[in-house]
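J.: Got a predicted model here, sequence first, then my questions.
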Amino acid sequence: MLQNTNNTGGGFDPIAKLTESFNSFAVKVGESLASNLSAVEIAKTVLEVDDAAVGIAKSFGQGRENVLEMSKAMAGAVREVTLLGGNFQKIAEIQETVGAGLGRNLILTTESYEKLYAASEVSGRSAKEIVTSFKDAGFSAYQSATQMEKVINVSRSMGANAKAVSETVLQNMDALNKYNFDGGVQGLAKMASQASLLRINMKETLNFAEKVFDPEGAIEVAAAMQRLGVANSELLDPLRLMDMAQNDPAELQNQLSKMTEQFVQLNEKGQFEIMPGAKRQLREIEQSLNIPYETLTKMAIGTKELDMKMQQIKFPTGMFTEDQERMIANMAEMGEDGQFKISIDGEATNLDDAMVKISAMSKEQQDKFFEATKEKTVEELAKEQLTTLQDINANIAALKVIPSAVAGTRAAKQALEAPRLITREVADVFTGTEATKISNLTKGIDEASSKILTDINKLITGEGSMTQLLTTMGEVGKQFESFTLAGAEQMTVQYEESIKKLGDANNMFIDILLNSGKKIKDMFMVDQNINQPQTTTPPLPATSQSNPQMTNMNNTTPPVNNTQQNQSTNNSPIDVNLNINASNPNIDTNQIILALQNTGVQEALVTAVNQGRYNNGLSSMNSNPQQQMVMSNNAAGLSGIPVA
């Protein structure tokens, strides 16, 4: 039973370690789930996606017109790429490098990021290299990952190293348009896989194919093979040589390998070697075929070894496919006892014993053993190639989906665009006019300061006076005032233009702000109208006619308010009640009446009445002289007395 050894000497406690790991993962799961509702995490993700999209747009030489499309495509692939062990930075890298590799502004689809990332991880080649290599061979960017998947499956079925085969295929993609491969990319992959198993450079075989591509070269090589005693009918026939070179270079490489096999033997030490008498013959073949001697010897040893494995293995009839038999042979390696062995359940097992064990396996166990020969997608392979901890962390990280989903929305883009547009227009209002241009401001400040400093200097030296300095400062002040007024007018015009631009931006956040501001303004104006006091002009006080000497000038009209008075014409007659109290015997009322007939008195009376009517100039007053004269005549129109 496992016990906690931390309390007894501080030894390793596996239970405590597992508990700690479990708790750590539980915390990470909680944090990842909580991030879906975190405004900070959402904002961070939105900015991260926007920064990446803007950076790519910059490399494309474009503005922000494609930022939303790129953001949506990249954000949509975050979960799938994260499950494969990647992150958003990998997605952005794929988008940028593929665009740069193709030399055009291609925006990838959401699905292509996952496929290209997986193909890159499994093959060990960059997404840029995969896309550009297949593009050179005539495949689209979206087909490249699928074609690389075929290459990897072919290499797995033959037991070859997938990364080595992928590198060879990408380096020789131009061969697809030079020669006809059986199955296209798959034929090229088979040739690359065989070259990888033989540890040779496939370029050498392709160079030989170029040599025998034409009749002259094929006839020359066939004759040399006959002269050197080569026992291979495929290489002795010029027509067959040309056919393989043009239509099946993989088979041409296979026939070359078989041809060299006759020069190898297994010595008493269990080692493969070139037979002593064959070394000179191989050198002559090197000269005739233009294939390096080292390549020929590798072909020879590798082919001999594979042939011996296939001869020693007693495959049960009908149990394995040809690819499975070849895979088992390639997995086998010679032991110290000179016997080929294969690893089963971690133990080195002789081939005969291995066949017995494999035959005794259940179908489920056999399927698991031959898993390597089954075709898989690059996504499945990339997922399976993660370590346990990498897979767990990838699954936890993939729980954070809402921030990435929000980052790809139009609303997120408009939320980022709104402050950009608003601050841009604010800057235009305050700094985008002629009056606020730095050059104009510099010029004005320079001229003003020069004048003032010159007068100060003259005052100090005695050439000027304080009066001159104050005068100059006054002039500068007036110029500043004029400049300020002109700038205010220009900013007002710019403000109206900026508001129109913001309204035309088709941004819902800006529309909300503008409409909210308009609504608040309308509500404020309504409130002001409700609370504004209604002022009326009080009527002239009327007194009773108690004095028999009082003269009544026309009839009394009812008082009117100020608004009604302003709306009426100034030509209408004004009725005035004049009550003269002549209690003083020294005052002759006739003299007063005569005085009122004087034009100057009439004008003074009209002026006094107007000042009373219009609150001493606080209210509107019509200053038309002709209308004032009409008012004067009305005021002087006393009953029975002619007006001068």
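T.: Good, I have the coordinates. Residues are numbered from 1 along each chain as shown.
J.: Buried residues of stretch 275-292, list them for me.
T.: Within stretch 275-292, the residues scored as buried using 16 or more other C-beta atoms under 10 Å are 278, 281-282, 285-286, 288-289, 291. All C-beta atoms are positioned from the backbone trio N, CA, C, and that covers glycine.
J.: So what touches that stretch?
T.: 204-205, 207-208, 211, 221, 224-225, 228-230, 256, 260, 262-265, 274, 293, 296-297, 300 (C-beta atoms under 8 Å, 6 or more residues apart in numbering).
J.: same check, this time on stretch 93-113
T.: With C-beta under 8 Å, 6+ apart, stretch 93-113 has contacts from 52, 55-56, 59-62, 66, 69-70, 72-74, 76-77, 80-81, 91, 116-117, 120, 126-129, 131-132, 135, 141-142, 145.
J.: That one: end-to-end distance?
T.: Stretch 93-113 has an end-to-end distance of 10 Å (criterion: C-alpha to C-alpha, to the nearest Å).
J.: Only the buried residues of that stretch, if you could.
T.: In stretch 93-113, counting by 16+ other C-beta under 10 Å, buried: 93-99, 101, 106-108, 110, 112-113.
J.: and the nearest residue to Lys413 once chain neighbours are set aside, what element?
T.: Spatial nearest neighbour of Lys413, chain neighbours left out: Leu68 (4.7 Å); criterion: C-beta to C-beta, 6 or more residues apart in numbering. Taking DSSP states H and E as the criterion, Leu68 maps to helix 67-76.
J.: which is the next helix or strand following that helix?
T.: Downstream of helix 67-76, the first helix or strand assigned by DSSP H and E is helix 78-83.
J.: Which elements pack onto that next one?
T.: On a contact count with 3 or more C-beta pairs under 8 Å, 6 or more residues apart in numbering; DSSP states H and E, helix 78-83 meets helix 88-102, helix 110-123, helix 388-397.
J.: repeat that with 10 Å
T.: helix 88-102, helix 110-123, helix 378-384, helix 388-397, helix 402-407 (3 or more C-beta pairs under 10 Å, 6 or more residues apart in numbering; DSSP states H and E).
J.: Below-threshold pLDDT in the protein: ranges please.
T.: Across the chain, the ranges flagged by pLDDT under 70 are 1-14, 16-23, 25, 65, 372-373, 526-598, 600-602, 604-644.
J.: How many neighbouring residues does Met191 have?
T.: Residues lying near Met191 (other C-beta atoms under 10 Å) number 29.
J.: Tell me if I'm right that it and Leu252 touch.
T.: Yes: judged on C-beta atoms under 10 Å, Met191 makes contact with Leu252 at a distance of 8.7 Å.
J.: so who does Ala435 touch?
T.: Residues in contact with Ala435 (C-beta atoms under 10 Å, 6 or more residues apart in numbering) are 441, 444, 483-491, 494.
J.: Map the structural domains onto the sequence of the chain.
T.: As recorded under automatic domain parsing, the domains making up the chain are 433-530, 571-636.
J.: Asp136 and Asp174: what is the separation?
T.: Plainly put, Asp136 is 7 Å away from Asp174 if you go by C-beta to C-beta, to the nearest Å.
J.: hang on, Ser193 packs against Arg156?
T.: Yes: Ser193 is in contact with Arg156 according to C-beta under 10 Å; the separation is 9.1 Å.
J.: Could you please give me the overlap between the contact lists of the two?
T.: 162, 165.
J.: Which of those two has more residues huddled nearby?
T.: Ser193 (28 against 23).
J.: Return the backbone torsion pair for the more buried one.
T.: Backbone torsions for Ser193, taken as degrees, to the nearest 10, come to phi -70, psi -40.
J.: Nearest residue to it in space, please, no chain neighbours.
T.: Ala160 (4.0 Å).
J.: Tell me the secondary structure at the one you found.
T.: Going by DSSP: H, G, I helix; E, B strand; the rest coil, the secondary structure assigned to Ala160 is coil.
J.: what about it, distance to Glu379?
T.: The spacing between Ala160 and Glu379, counted by C-beta to C-beta, is 21 Å.
J.: More neighbours: the two, which one.
T.: Between Ala160 and Glu379, counted using other C-beta under 10 Å, the more crowded position is Ala160 (24 against 21).
J.: residues in contact with that one?
T.: Residues in contact with Ala160 (C-beta under 10 Å, 6+ apart) are 154, 168, 189-190, 192-198, 326-327, 330.
J.: out of those, who's nearest Ser359?
T.: Nearest to Ser359 out of the contacts of Ala160 is Met327 (C-beta to C-beta; 16.2 Å).
J.: hang on, Val29 is in a helix, isn't it?
T.: Yes: the assignment for Val29 by three-state DSSP puts it in a helix.
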